[in-house]
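**Student:** What shape does this take:
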Amino acid sequence: MSVVNARKIGVIGCGFVGASSAFALMESGLYSEMVLIDADQNKAEGEALDISHGLPFAGPMKIYAGSYDDIRDASIVVVTAGAGQKPGETRLDLVKKNVAIFKSIIPEIAKRDFQGVLLIVANPVDILTYTAVKLSGLPENRVFGSGTVLDTARLKYLLGEHLSVDSRSVHAFIIGEHGDSEIAAWSCANVSGIKLNRFCDMRGFHEHEDSMRRIAEEVKNSAYEIIEKKKATYYGVAMAVRRICQAISRDEKSILPVSTIQHGTFGIEGVALSMPAVVGKDGVETQVPLELDDKEREALLHSAETLKKVIDESVCL
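**Tutor:** Residues are numbered from 1 along each chain as shown. Reported below is the predicted structural model:
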């Protein structure tokens, strides 16, 4: 059995998301060693060199382009490899291309007796999380996706802007698919313990339904807007990756809406989607039950059905 090096992390895929994530992870100070892997070895070597040149401003760390053998003892492997979302495409449009890519990546990790946590970031993240669990044979708690951690951050940011408060004081979740069927769980949202609608009233905002609808749509369409303007999204998700890895490496027991295969949540079975979960050194410890209203439950079930349909039609493992 491989011995896990708690201070070592691997990133597979050195495109915009992979490189930005590697940079954010370097700046975190959590790791002493990071290996970058890409189908284009020169790209991986170039990114490793570029990021390494910033180490005098950060701290000692070994960053290098490597192979699958080099991640055998990593505590976390972040998988960002895959075709990117293009203008006009949904995340689900990427399914077949990226499932095929995962069929070449995930078995290579599994055959090396990998004992760490596998964090899936490539899109469609829910489908690829399901694919990674099935292809790897690893325990489900150690294979999960970045899910709606970024969507939730977008929601908190927009609510903070709307209410003129620090977004870190906003407590709310986006759940379900990381995509078009995602759900803003308004019924349990609050600002420092004060119910959201009441806090809105305190700040002079009384058109609750209109505001919630507008903000939820803005969150859902954020990626499309960014891709339209700059062709790709990567900084926000890189910070989400850093946050998740921090929770794992520090064994924080943080509650994050990561994507995991569901077993009975509101009757959902065998589909990976995002619900709040306790995340620590062994990955996902347990899910945190949310109190949803009937409309939100119905929307979550629809989200699960959408993902299940894609799995049944497009994922052949």
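**Student:** any chance you could map the helices in this protein?
**Tutor:** Per DSSP state H, the chain carries helices over the ranges 16-28, 41-52, 95-110, 125-136, 149-163, 196-202, 208-220, 222-230, 235-249, 294-314.
**Student:** Take those and write them to TSV, including mean pLDDT.
**Tutor:** Shown next, in TSV, are those (pLDDT from 0 to 100):
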stretch	mean pLDDT
helix 16-28	97
helix 41-52	98
helix 95-110	93
helix 125-136	96
helix 149-163	97
helix 196-202	94
helix 208-220	94
helix 222-230	93
helix 235-249	98
helix 294-314	94
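**Student:** Let me have the ones you listed in a markdown table, adding mean neighbour count and distance to G283 as columns.
**Tutor:** Quick note: C-beta positions are derived from backbone N, CA and C, even for glycine. Formatted as a markdown table, the helices of the chain follow (neighbours: other Cβ atoms under 10 Å; distance: least, Cβ to Cβ, whole Å):
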| stretch | mean neighbour count | distance to G283 |
| --- | --- | --- |
| helix 16-28 | 22 | 17 |
| helix 41-52 | 17 | 26 |
| helix 95-110 | 18 | 15 |
| helix 125-136 | 26 | 11 |
| helix 149-163 | 21 | 14 |
| helix 196-202 | 16 | 31 |
| helix 208-220 | 15 | 26 |
| helix 222-230 | 14 | 26 |
| helix 235-249 | 21 | 7 |
| helix 294-314 | 17 | 21 |
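**Student:** for those helices, which one sits closest to M61?
**Tutor:** Nearest to M61 among these is helix 16-28 (6.3 Å), distances taken as Cβ to Cβ.
**Student:** which residues touch the closest one?
**Tutor:** 9, 11-12, 14, 31, 34, 36, 38, 47, 51, 54-55, 58, 61, 63, 78, 80-81, 84, 121-122, 232-235, 237-239, 241-242, 245-246 (Cβ atoms under 8 Å, 6 or more residues apart in numbering).
**Student:** same check, this time on stretch 48-60
**Tutor:** A19, A22, F23, M26, E27, G29, S32, L36, M61, I63, Y64, A65.
**Student:** go on, stretch 149-164?
**Tutor:** 166-170, 172-174, 178, 182, 184, 189, 191, 196, 199-200, 203, 205, 211, 215-216, 218-220, 222, 236-237, 239-240, 243-244, 256-258, 274.
**Student:** same question, stretch 243-253
**Tutor:** For stretch 243-253, contacts defined as Cβ under 8 Å, 6+ apart pick out 6, 9, 25, 28, 30-31, 75-76, 78, 117, 119, 146, 149, 254, 256, 258, 278-281, 283, 285.
**Student:** next one: that stretch to chain centre, how far?
**Tutor:** Averaging C-alpha positions (Cα atoms, centre = their mean, to the nearest Å) puts stretch 243-253 13 Å from its chain's average.
**Student:** Ok, stretch 306-317 next?
**Tutor:** With Cα atoms, centre = their mean, you get 20 Å for stretch 306-317.
**Student:** try stretch 141-159
**Tutor:** Averaging C-alpha positions (Cα atoms, centre = their mean) puts stretch 141-159 6 Å from its chain's average.
**Student:** One more: stretch 285-296?
**Tutor:** From the chain centre to the centre of stretch 285-296 is a distance of 19 Å (Cα atoms, centre = their mean).
**Student:** what does stretch 110-118 give?
**Tutor:** Centre-to-centre, stretch 110-118 and its host chain are 19 Å apart (Cα atoms, centre = their mean).
**Student:** burial count for the closest residue to I226 other than its chain neighbours?
**Tutor:** Nearest residue to I226, sequence neighbours excluded (Cβ to Cβ, 6 or more residues apart in numbering): T233, at 4.6 Å. Around T233 there are 22 other residues, counting by other Cβ atoms under 10 Å.
**Student:** Correct me if wrong: T233 contacts E225.
**Tutor:** No: assessed by Cβ atoms under 8 Å, T233 is found out of contact with E225, at 9.4 Å.
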